[in-house]
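**Student:** I'd like to go over a predicted model; first the sequence, then the structure.
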2 protein chains.
Amino acid sequence: MSKKNITTLKQIAEELNLSISTVSRALNDHPDISLKTKEKVISVSKKFNYAPNLFAKGFRSHKTNIIGVIVPNIAHYFTSTLLKGVISEAEIHGYKIIISESRNNVQKEAEMLETMKQFGVDGILLSLVRKTHNVDSILKVLEHIPLVLFDKVSTKVPCTQVVIDDEDAAFRAVEHLINTGKKRIAIIKETEKSFNSEKRFAGYLRALKNYNLEIDENLILSTEDISMHQGKRLTSILLSLQNRPDGVFAVTDGAAIGVIKTLKKHKIKIPEEIGVVGFSNSENSIIIEPKLTTIDQPGHRIGEVAFRALINEINNNDNTVNNKTIVIKTNIIVRESSFKSLVTT
Amino acid sequence: MSKKNITTLKQIAEELNLSISTVSRALNDHPDISLKTKEKVISVSKKFNYAPNLFAKGFRSHKTNIIGVIVPNIAHYFTSTLLKGVISEAEIHGYKIIISESRNNVQKEAEMLETMKQFGVDGILLSLVRKTHNVDSILKVLEHIPLVLFDKVSTKVPCTQVVIDDEDAAFRAVEHLINTGKKRIAIIKETEKSFNSEKRFAGYLRALKNYNLEIDENLILSTEDISMHQGKRLTSILLSLQNRPDGVFAVTDGAAIGVIKTLKKHKIKIPEEIGVVGFSNSENSIIIEPKLTTIDQPGHRIGEVAFRALINEINNNDNTVNNKTIVIKTNIIVRESSFKSLVTT
């Protein structure tokens, strides 16, 4: 810290026999402070070589124009689209973004929240660690700083939340397979009751019920780590069944690509014999052949909307806490893994 | 900012007739300061209700235990592996990481450097914006804060730099194609003289020269935006040549995947008729069929090494500036797009 910045507001206030708050408002050109007072304050602050640094200023007026973003895992395609949305919207509004990763660890999430708070960010966008059950550290931060949850959220935190409708998206994925004539549709999902997987499973069940299709326990497969490798492994199990499925809905594109790879290895015709649908419209979904039908999860848009919701909170001075959930629409992207225009269904 | 924190090191120093530096070192338990002095300083700091907050502390003693990382584009697979490496190493050393994106914009890069500096980070890891020509803002920051360049670097900045050897990696990619019997090897590269593309082109040229192969201008294709789409487009050009290539080296995996897709569309046998090699070992390289031979660019390791180099700079109190370049080894990952064990070469 340069010596210049060591001189403080307090000294200026003492010199002029004013309150610190008055000095601060004068330096921030507040309309309630007279021109005469402003001139005095500026003159004395010059005498003290007072050059407010970003943080000192931030602590007083909550205007660092910096937003903190905390996500569980930065090295994830969908997360990077979320961040892109936040960053592009921040640029429009003249805000800077600093990003941190909680490494899927509740303790680290709490630490990063504290760090962001001490940094004097104007607000925080948070996507929760999967296993965050105790939300105390978040509630504590929420008392001081505007905070919006996005993507991975919790009803235990009373604040604005921005999400996609996972249940509806999964319903539409399975409905699409049903519309192409499939009747025995398997699901590959996560074992753990994560934020998204549970809702996607609910959407799967609802679609089968709505169309009066049998729910067969043999077609419901779960895995700890929902990867391409697990998609391959579980497809081998599905193919070993006496009564094989004619469709597979995998709750991630990675697992769905594993399904396609194993079906191709066994020379099973896609989509004629087995149709496949994934979830997230990742880059990989158009690399694999046949191209993967999937749910477009609009990460960029979620990021944008979450940022705008946060800016509203920051500019909202009435100290009421918003507690609404904003649901972003998803779309199904139909490709060759589930639909061939020549196939009669 | 609380009133408590307004009391400064300076006041403690004046009260005790010590230098600010001595007070700071005493509060940080520095071995050069006597126990007696430490006790005095602690006693006076208590009298002043001196409770250094994270940033105030950071400004004085350079010990926030926070490292700032600035990258051109966060939504990029390779960048996310770099960040993973930095984050995992930081965890081991008890540091927190805050990340920011320069959006490939020189002005934003300078702003983020300034923001990080004002935040009081202990050090900065920087991957340069492609077009950074004027490095003044970086040199200015370097005077105050330890800084290490990684991945996208510049010899104009006198500091530790961590990179891969792009020239050597490209040489080995092309040499591998030559070893499989290819004699007319095309390159798909970036038009712009970016950090990496130029060196990869140099490696291509050196390999052809070393093996006495003709350099044919028709086989050197450039594109502004090195994407899958451009890989497809440029492959169509290569296939329209009277004297077609028998191998293609694309300087990114994305472009190489475009090459494979177009070759498959034209029923050209890979690798028998045309062998293909990419660059970076991205996730996609094992999704495409045939799987892509590529250069493994060890992002995680670059991140780790860059972090460790920065920690060395931070702990190095002699104020000399390190100016060494650390080169991380790459490997070629041979897959079906260039090599079939049954093919006689």
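**Tutor:** Now that the structure is in, tell me what you want to look at. Just so it is clear, the structure is predicted and the values come from calculations on it, not from any experiment.
**Student:** please save the CA atoms from stretch A:257-267 in PDB.
**Tutor:** The C-alpha trace of stretch A:257-267 is given here as PDB (Å, rounded to 0.1, in the frame of the first residue of the first chain):
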ATOM      1  CA  ILE A 257     -22.200 -40.800 -26.500                       C
ATOM      2  CA  GLY A 258     -21.100 -43.900 -24.600                       C
ATOM      3  CA  VAL A 259     -24.500 -45.400 -25.400                       C
ATOM      4  CA  ILE A 260     -24.000 -44.700 -29.100                       C
ATOM      5  CA  LYS A 261     -20.500 -46.000 -29.200                       C
ATOM      6  CA  THR A 262     -21.500 -49.300 -27.600                       C
ATOM      7  CA  LEU A 263     -24.600 -49.700 -29.900                       C
ATOM      8  CA  LYS A 264     -22.400 -49.100 -33.000                       C
ATOM      9  CA  LYS A 265     -19.900 -51.700 -31.700                       C
ATOM     10  CA  HIS A 266     -22.800 -54.200 -31.500                       C
ATOM     11  CA  LYS A 267     -24.000 -53.200 -35.000                       C
END
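**Student:** and it, average pLDDT?
**Tutor:** Regarding stretch A:257-267, the rounded mean pLDDT is 98.
**Student:** with stretch A:284-301 instead?
**Tutor:** 96.
**Student:** just stretch A:323-342 next, same as before
**Tutor:** 91.
**Student:** buried set for it?
**Tutor:** For stretch A:323-342, a neighbour-count test (16 or more other CB atoms under 10 Å in any protein chain shown) marks A:328, A:330, A:332-333, A:335-340 as buried. (Glycine included, C-beta is placed from N, CA and C.)
**Student:** that one close to chain B?
**Tutor:** No. On the criterion CB under 8 Å from any CB of the partner chain, stretch A:323-342 is out of touch with chain B, staying 13.0 Å away.
**Student:** stretch A:98-110 too?
**Tutor:** Yes. For stretch A:98-110 and chain B, the contact criterion (CB under 8 Å from any CB) is met by A:98-101, A:103.
**Student:** which one (most neighbours) among those residues?
**Tutor:** A:Glu101 (28 neighbours; other CB atoms under 10 Å in any protein chain shown).
**Student:** quick check: phi and psi at the nearest residue to that one once chain neighbours are set aside.
**Tutor:** Closest residue to A:Glu101 apart from its sequence neighbours, by CB to CB, 6 or more residues apart in numbering or on different chains: A:Ile74 at 4.6 Å. Main-chain dihedrals, A:Ile74, degrees, to the nearest 10: phi -80, psi -30.
**Student:** my guess is A:Ile74 contacts B:Ser80, does it?
**Tutor:** Yes. Here A:Ile74 lies in contact with B:Ser80, judged by CB atoms under 8 Å, at a distance of 6.0 Å.
**Student:** between those two, which contacts overlap?
**Tutor:** With contacts defined as CB atoms under 8 Å, 6 or more residues apart in numbering or on different chains, the residues shared by A:Ile74 and B:Ser80 are A:80, B:74.
**Student:** residues in contact with the most centrally placed residue in chain A?
**Tutor:** Centroid-nearest residue in chain A, with CA atoms, centre = their mean: A:Asp151, separated by 3.1 Å. Shown in contact with A:Asp151 (CB under 8 Å, 6+ apart): A:71, A:82, A:127, A:162-163, A:195, A:299, A:302.
**Student:** tabulate those in JSON lines, adding columns for distance to chain B.
**Tutor:** JSON lines is the format used below for those (distance: CB to the nearest CB, whole Å):
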{"residue": "A:Val71", "distance to chain B": "10"}
{"residue": "A:Leu82", "distance to chain B": "9"}
{"residue": "A:Ser127", "distance to chain B": "14"}
{"residue": "A:Val162", "distance to chain B": "18"}
{"residue": "A:Val163", "distance to chain B": "20"}
{"residue": "A:Phe195", "distance to chain B": "21"}
{"residue": "A:Gly299", "distance to chain B": "9"}
{"residue": "A:Ile302", "distance to chain B": "14"}
